[in-house]
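Visitor: Mind folding the following:
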Amino acid sequence: MPAEKEKMIAGDLYHAGDAELVADVARAAAWMDRYNASIAMAPDARAALLREGLGAVGSGVTIRPPFHVDYGYNISVGDDVFLNYGCVILDVCAVTIGDKTQIGPGVQILSADHPRDPAVRARMLEFGRPVTIGANVWIGGGAILLPGVTVGDDALIGAGAVVTRDVPAGATVVGNPARILPPK
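Guide: From the prediction side, this is the model:
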């Protein structure tokens, strides 16, 4: 039978109170404490901390503290990516951010989800769905990307948008729920 961590990463129902996952959350919390205190550090020192706490980090990445994650190890960030202050990534499943993507302050990228069935929820089970963000994407401040969303290359997500479904490459989406704007 797969371990709870394996089930979590696969997007299956899992129990977050599992000892291994609780230890992983504690490790991530200790890492966040150090990273979020690094605002005055030299960029290369912060980059080393990012490589320590995240699954994969490209070159030229800037993530301004404070920055919050569930586990960190399920996050892959491409080259020349920028995340502004106060971003949250709940990474129970893979979260992938493509090269040259720019993310505004207070953005939430959520792969974590919970069952809609109250009986399953009462058993303290959770699941997740991967979030994939393409290359050269721009995400405005305060946007929220929900579990399972894929954002295509060169897309624009307006500030405060709540992205509930996939965004095609080159599209602009705004609003709650986010809707595609027609081309001009």
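Visitor: CA atoms of the longest helix anywhere in the chain as CSV?
Guide: The residue-count maximum for a helix in the chain (DSSP state H) belongs to helix 19-36. In CSV, the C-alpha atoms belonging to helix 19-36 read as follows (Å, rounded to 0.1, in the frame of the first residue of the first chain):
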residue,chain,number,x,y,z
ALA,A,19,3.8,11.4,10.6
GLU,A,20,6.0,11.8,7.5
LEU,A,21,3.9,14.6,6.2
VAL,A,22,3.8,16.4,9.5
ALA,A,23,7.6,16.2,9.6
ASP,A,24,7.8,17.6,6.0
VAL,A,25,5.5,20.5,7.0
ALA,A,26,7.7,21.2,10.0
ARG,A,27,10.8,21.2,7.8
ALA,A,28,9.1,23.6,5.3
ALA,A,29,8.1,25.9,8.2
ALA,A,30,11.7,26.0,9.5
TRP,A,31,12.9,26.7,5.9
MET,A,32,10.2,29.5,5.5
ASP,A,33,11.3,31.0,8.7
ARG,A,34,14.9,31.3,7.4
TYR,A,35,13.8,32.4,3.9
ASN,A,36,11.4,35.0,5.1
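Visitor: Show residues contacting it.
Guide: Defining contact as C-beta atoms under 8 Å, 6 or more residues apart in numbering, one finds that helix 19-36 is touched by 3-5, 8, 14-16, 46, 49-50, 52-53, 65-73. C-beta: built from backbone N, CA, C; applies to glycine.
Visitor: Return the distance of that helix from the chain's centre.
Guide: Here helix 19-36 is found 16 Å from its chain centre; the criterion is C-alpha atoms, centre = their mean, to the nearest Å.
Visitor: quick one: average confidence on it?
Guide: Averaging pLDDT along helix 19-36 gives 98.
Visitor: Now it: buried residues?
Guide: Going by neighbour count (16 or more other C-beta atoms under 10 Å), the buried part of helix 19-36 is L21, D24, A28, W31, M32, Y35.
Visitor: And the residues you listed, which is closest to T150?
Guide: A28 (24.6 Å; C-beta to C-beta).
Visitor: what about the closest one, distance to P66?
Guide: For A28, the distance to P66 equals 14 Å [C-beta to C-beta, to the nearest Å].
Visitor: How about T101?
Guide: 19 Å.
Visitor: More neighbours: which of those two?
Guide: T101 (24 against 14; other C-beta atoms under 10 Å).
Visitor: contacts for the strand or helix carrying A119?
Guide: A119 is part of helix 118-122, with elements assigned from DSSP states H and E. Helix 118-122 has contacts (C-beta under 8 Å, 6+ apart) with L13, H114, P115.
Visitor: so the first one makes contact with F127?
Guide: To tie it back to what came earlier, the one meant is L13. Yes - between L13 and F127 there is a contact at 5.1 Å, judged by C-beta atoms under 8 Å.
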